[in-house]
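Colleague: need a 3D model of the sequence below.
(chains A and B)
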Amino acid sequence: MSSVNYRSIKGTKDILPTESPLWQFVESTIRSVFHQFNYKEIRTPIFESTSLFARSIGELTDIVGKEMYTFQDRSGDSITLRPEGTASAIRAYIQNNLGEALPLTKVYYLGPMFRQERPQAGRLRQFHQFGAEAIGSPTAETDVEIIAMTIEIYKRLGLTQYTLQINSVGDEECRPKYKEILRTELQKIAGSLSTESQKRIDQNPMRVLDSKDENDQKLTAGMPLITDHLNEECAKHFDRVKSLLTAYGIPFTVNGRLVRGLDYYTKTAFEITSTELGSQDALAGGGRYDLLVKELGGKQTPSVGFAAGMERLMMILEKKGFQTPIQRPKVFIAAADDAARQWVLTTTMVLRSRGIASECDLLSRSLKSQMKEADRQRAEFALVVGQMELDGGKAVLKNLTDHTQQDILLSDIVGFLNK
RNA sequence: GUGGCCAUAGUUCAGUCGGUUAGAACGCCAGGUUGUGGCCCUGGAGGUCGUGGGUUCAAAUCCCACUGGUCACCCCA
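Modeller: Presented below is the predicted three-dimensional model:
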């Protein structure tokens, strides 16, 4: 390890030239799935008013409570680097009156998010998420479109070791009632629960059921689940989601203990986890949030969306040895002697301007070194040009893949390589 | 915020019981008859052994602190 003066901030990572092709490939695959589902990209600012996130994500969540990158700008306003994408998308939806132009707005986003957590496998402080929002539809059909689209992205990228879990977290009518029932039950065994879970009984009893603590799991094994306490509307909606998933041939398991971390979810909640990841095994999560738009000052607008982590997806693809087509020059033009260097440079420029990816030596290297470089760059062809070729008007074009070579008129190069 | 593990060439790693010029592989550079890559051969460059203290005749090796990395808890995508 070299002792460098500057390092990237803890929890941030450089995506290096050797890695960016995979990112670009994955990003374009994600985009094409979104486009096929007719979701359009929305690009919102990377920072917003702190209050936007506090209001939407929930004052009591860890994200808002202790993980946001919040600072005062020079005018004293409280600014926060976005910790997730939904709040910004909804803010933009309301601010730009998108709901007035269309009954249903389908948008997606892809970009960096920021949370000041302790880094570990699959978790960074600047990380990347992609996600989508269908704003303006109350139907189970929309929930399932979102879920199907998420699954389709993973299928498209060749993932197989993932599972879809779904739940319904009820609405503003049935959830409070259920929470009360659960709270009463939990209070009976409070003393035996982990301290973390004890704290949650009051604030967020549903999280106790989601505890990773084995003992907590045992103790709460027989507890009432929200799926048994949904009101008629929520139950009907949930049934419809399940039957549509089945109709679409998407396997799922119902997990009555699944809770989403953000406060704004209602009815459908889902999570996709992978067995190919470490402790941080959630690949994507999402659900319905019928109250959020109104909460942020818009009209009552039922909506559903999801968010997924790029780095976790990358980890799986890298582990599987996923290969992307490499970026390589069509031709490397090598100068056999100094007399030809000028011609080589200008010809390389001409080829590039004709749309042919070309490379030549910029380091005044020997012919042998240039050929090695051509090979290292995986150029398809190498053209060797010296004074002799310039005088004769033709040169040797070598195919570096099948090792054949042929004479070619210097005036024919553009035409040949353009084929 | 809490805890475990780790730190030696560009990279991945060896380095015995503490013993004097710190190694390998890959990568990089240069050659292998004067104009041709990949394979092969030869040679070369490249290290304050993370930093600072301590123990010792002697520290990459033992001890402490710090820094950084990493994994896990928590939480979440």
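Colleague: which parts of the stretch 201-350 of chain A sit against RNA strand B?
Modeller: The stretch 201-350 of chain A comes close to RNA strand B at residues A:207, A:211-213, A:260-262, A:271, A:278-280, A:282-285, A:307-309, A:311-312, A:336-337, as judged by Cβ under 7 Å from any atom of the strand. All C-beta spots, glycine's among them, are computed from the backbone N, C-alpha and C.
Colleague: and the residues you listed, which of them are buried?
Modeller: A:207, A:211, A:260, A:262, A:271, A:280, A:282-285, A:307-309, A:311-312, A:336 (16 or more other Cβ atoms under 10 Å).
Colleague: any idea which of these is least confident?
Modeller: Least confident entry in those, by pLDDT: A:Leu262, with 74.
Colleague: what sits against the closest residue to it other than its chain neighbours?
Modeller: Spatially, and ignoring its direct neighbours in sequence, A:Leu262 is nearest to A:Ile57 (5.2 Å; Cβ to Cβ, 6 or more residues apart in numbering). Counting by Cβ atoms under 8 Å, 6 or more residues apart in numbering, A:Ile57 touches A:63-64, A:83-84, A:87, A:262-264.
Colleague: tell me the pLDDT of A:Ile57.
Modeller: At A:Ile57, pLDDT is 86.
Colleague: quick one: A:Gln203 from A:Gly285, how far?
Modeller: 21 Å (Cβ to Cβ, to the nearest Å).
Colleague: closest residue of the stretch 301-419 of chain A to RNA strand B?
Modeller: A:Gly309 (2.5 Å; Cβ to the nearest atom of the strand).
Colleague: buried ones in stretch A:399-407, by neighbour count?
Modeller: A:Leu400.
Colleague: quote the end-to-end distance of that stretch.
Modeller: Using Cα to Cα, to the nearest Å, the end-to-end distance of stretch A:399-407 comes to 11 Å.
Colleague: touching RNA strand B at all, it?
Modeller: Yes: counting by Cβ under 7 Å from any atom of the strand, RNA strand B is contacted by stretch A:399-407 at A:400-401, A:403, A:405.
Colleague: repeat that for stretch A:388-398.
Modeller: Yes: counting by Cβ under 7 Å from any atom of the strand, RNA strand B has neighbours in stretch A:388-398: A:388-389, A:395-396, A:398.
Colleague: can I get these in TSV with pLDDT and secondary structure?
Modeller: Formatted as TSV, the residues of stretch A:388-398 next to RNA strand B follow (pLDDT from 0 to 100; DSSP: H, G, I helix; E, B strand; the rest coil):
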residue	pLDDT	secondary structure
A:Met388	93	helix
A:Glu389	94	helix
A:Ala395	95	strand
A:Val396	94	strand
A:Lys398	95	strand
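Colleague: pipe those residues into a markdown table and attach neighbour count per row.
Modeller: Formatted as a markdown table, the residues of stretch A:388-398 next to RNA strand B follow (neighbours: other Cβ atoms under 10 Å):
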| residue | neighbour count |
| --- | --- |
| A:Met388 | 13 |
| A:Glu389 | 20 |
| A:Ala395 | 23 |
| A:Val396 | 15 |
| A:Lys398 | 22 |
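Colleague: which among the residues you listed gets closest to A:Leu296?
Modeller: A:Lys398 (62.8 Å; Cβ to Cβ).
Colleague: mind listing what the residue nearest to that closest one when sequence neighbours are not counted touches?
Modeller: In space, and not counting its chain neighbours, A:Lys398 is closest to A:Gln405: 4.1 Å by Cβ to Cβ, 6+ apart. By Cβ under 8 Å, 6+ apart, the residues touching A:Gln405 are A:396-399.
Colleague: who in the stretch 1-150 of chain A is up against RNA strand B?
Modeller: So far as Cβ under 7 Å from any atom of the strand goes, the stretch 1-150 of chain A lies against RNA strand B at A:1-3, A:7, A:10, A:61-63, A:67, A:84, A:115, A:117-124, A:127, A:129.
Colleague: just the buried residues from these, in PyMOL please.
Modeller: The PyMOL selection below is limited to those of these classed as buried (16+ other Cβ under 10 Å):
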select buried, chain A and resi 61+63+67+84+115+122+123+124+127+129
